[in-house]
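Asker: this one's sequence-less:
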């Protein structure tokens, strides 16, 4: 029996994205739930899926979010976007990253050159080549002054400033100068 799709993503919140001929759809375990549309998509998180569509008039791609009925609930206005993590999604606008909430409200301004998903209430961000951590209100709890930070997931809330060989907690407090 031939394959039905070019590719298929993993199931997330009961649905999986499938791809065929530059189009996507969502399926549950037995049928297509959201019909075929042109574009690319990321799986569902918090009931929303990130969708990238190409504007036929401007030939630009924009990202927005749909619900499980396939209805656009956060308009396609972002250059790039990631799935929701801890209730916030990374979005890129005019080359800078920020975060929106589940209602599509920008809660952290798009001022970062790079940004990661929230994990444990904090996110690693980069501005002007320097790294730091922000909380969900966008407050820099570790200022963007480190050349490199590595989040050590085995010790929750610890970051390593590789330049100064310093271990800091998520509040920027120095914990140790010897970690090697």
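Answerer: Happy to help now that I have it. Everything numeric in this text was worked out from a predicted model, so none of it was measured.

Asker: isn't residue 129 right up against residue 145?
Answerer: No - counting by Cβ atoms under 8 Å, residue 145 is not a contact partner of residue 129; they are 10.5 Å apart. Quick note: C-beta positions are derived from backbone N, CA and C, even for glycine.

Asker: Looking at those two now, which is surrounded by more residues?
Answerer: Ranked by neighbour count (other Cβ atoms under 10 Å), residue 129 and residue 145 place residue 145 first, with 13 against 10.

Asker: Pull the contacting residues for the more buried one.
Answerer: By Cβ atoms under 8 Å, 6 or more residues apart in numbering, the residues touching residue 145 are 130, 132.

Asker: Tell me how far it lies from residue 125.
Answerer: Counting by Cβ to Cβ, to the nearest Å, the gap from residue 145 to residue 125 is 12 Å.

Asker: Overlap in contacts, those two.
Answerer: With Cβ under 8 Å, 6+ apart, residue 145 and residue 125 have common neighbours residue 132.

Asker: In terms of pLDDT, where does residue 122 sit?
Answerer: Note on residue 122: pLDDT of 88.

Asker: nope, residue 157 is what I was after
Answerer: The model's pLDDT for residue 157 equals 50.

Asker: Residue nearest the middle of this protein, spatially speaking?
Answerer: Note on the chain: the residue nearest the mean C-alpha position is residue 82, at 2.8 Å, using Cα atoms, centre = their mean.
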